[in-house]
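Peer 1: Predicted model and sequence follow; I will ask about them next.
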Amino acid sequence: MTTIFLADDHQVVRQGLKALLEAEPGFTVVGEAADGLEALAGVERLKPEVVVMDLVMPGLGGLDVTREALKRSPGSRVVVLSMHASEAYLVEALRNGASAYVVKDAGADELTWAIREAAAGRRYLGAPFSRVGLAVYLKKAAEAAKDPYESLTPREREVLHLTAEGLTSAGIAARLHMSPRTAETHRASILKKLGKNTRAELIRYALRRGVIPMEEGRGPVSGIAAPRPRSRRTAPRGGPSRKRSSRPAI
């Protein structure tokens, strides 16, 4: 039985996915989370075989959750399920350890196939990326230029995300179970590492880099534009009765 954890900030999406996946033979949903920090804690506690991960979540983005969750639960595999049909997000997902990437416009059969491939230790890319081939994107992920964000610790990434969401030091402290002074110390370290001087500059940086979403702007990889967000669905279109893709496993 493949154990699955769902991470998506929309309850109706999680409910739809749970109903869909538990109708599949050999799947069971063992947990779910509405934000990145909850997802990280849940994966660490439950050690699921597969995590179905949205990229845009409050608390901590899906890319950072993927990176840290795989450290805390090395046996887990991450299947990204995102509204972003963007090479920028795909490359970053691969850099952070995702095993599969499926867009939310895909059919249900493609998502279930991706989960099975990930659980078996294989990689899978859904359309439109699969037409290009995994090797191309893995090469781009390996060659992608690093930026100062890579020097931030996991805790500093959490503080940056919450700062960009508008939380004060007191609010960050309450959310992360630390003192306001500790939150301020983390923020000072972030400012130094990123070469910024003010909270406003941190927020602009987070928006430009894709740490938090904005209506339109640059994606998480420098120089590649991020798409305008689309409306979410309760679950991917289609159902188990659809013909499974003949695309070979990657």
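Peer 2: Yep, that arrived. Residues are numbered from 1 along each chain as shown.

Peer 1: care to break the protein down by domain?
Peer 2: 2-143, 148-217 (automatic domain parsing).

Peer 1: Including mean pLDDT, could those domains go into a markdown table?
Peer 2: Output for these, formatted as a markdown table (pLDDT from 0 to 100):
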| stretch | mean pLDDT |
| --- | --- |
| domain 2-143 | 93 |
| domain 148-217 | 87 |
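
Peer 1: For residue 176, give me its contacts.
Peer 2: Counting by CB atoms under 8 Å, 6 or more residues apart in numbering, residue 176 makes contact with 37, 155, 158, 159, 162, 183. No exception for glycine: its C-beta is placed from N, CA and C like everyone else's.

Peer 1: need the helices for the chain, in chain order.
Peer 2: 11-22, 36-46, 62-72, 87-95, 108-119, 134-143, 154-164, 169-176, 180-194, 199-209 (DSSP state H).

Peer 1: what's the closest of those helices to residue 125?
Peer 2: helix 134-143 (5.7 Å; CB to CB).

Peer 1: pull the CA atoms of the closest one into PDB?
Peer 2: Extracted as PDB, the C-alpha positions of helix 134-143 are listed here (Å, rounded to 0.1, in the frame of the first residue of the first chain):
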ATOM      1  CA  LEU A 134      14.000  14.500 -18.400                       C
ATOM      2  CA  ALA A 135      17.700  14.600 -19.200                       C
ATOM      3  CA  VAL A 136      17.500  18.200 -20.600                       C
ATOM      4  CA  TYR A 137      15.800  19.500 -17.400                       C
ATOM      5  CA  LEU A 138      18.200  17.700 -15.100                       C
ATOM      6  CA  LYS A 139      21.100  19.300 -17.000                       C
ATOM      7  CA  LYS A 140      19.500  22.700 -16.600                       C
ATOM      8  CA  ALA A 141      18.900  22.100 -12.900                       C
ATOM      9  CA  ALA A 142      22.500  21.100 -12.400                       C
ATOM     10  CA  GLU A 143      23.800  24.100 -14.300                       C
END
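
Peer 1: That helix to helix 87-95, inter-axis angle?
Peer 2: On the basis of axes from the mean of the first three to the mean of the last three CA atoms, to 10 degrees, helix 134-143 is oriented at 80 degrees to helix 87-95.

Peer 1: Which strands or helices does helix 134-143 pack on?
Peer 2: helix 87-95 (3 or more CB pairs under 8 Å, 6 or more residues apart in numbering; DSSP states H and E).

Peer 1: The helix it packs on packs against which elements?
Peer 2: Packed next to helix 87-95, using 3+ CB pairs under 8 Å, 6+ apart, are helix 62-72, strand 77-82, strand 100-103, helix 134-143, strand 225-226.
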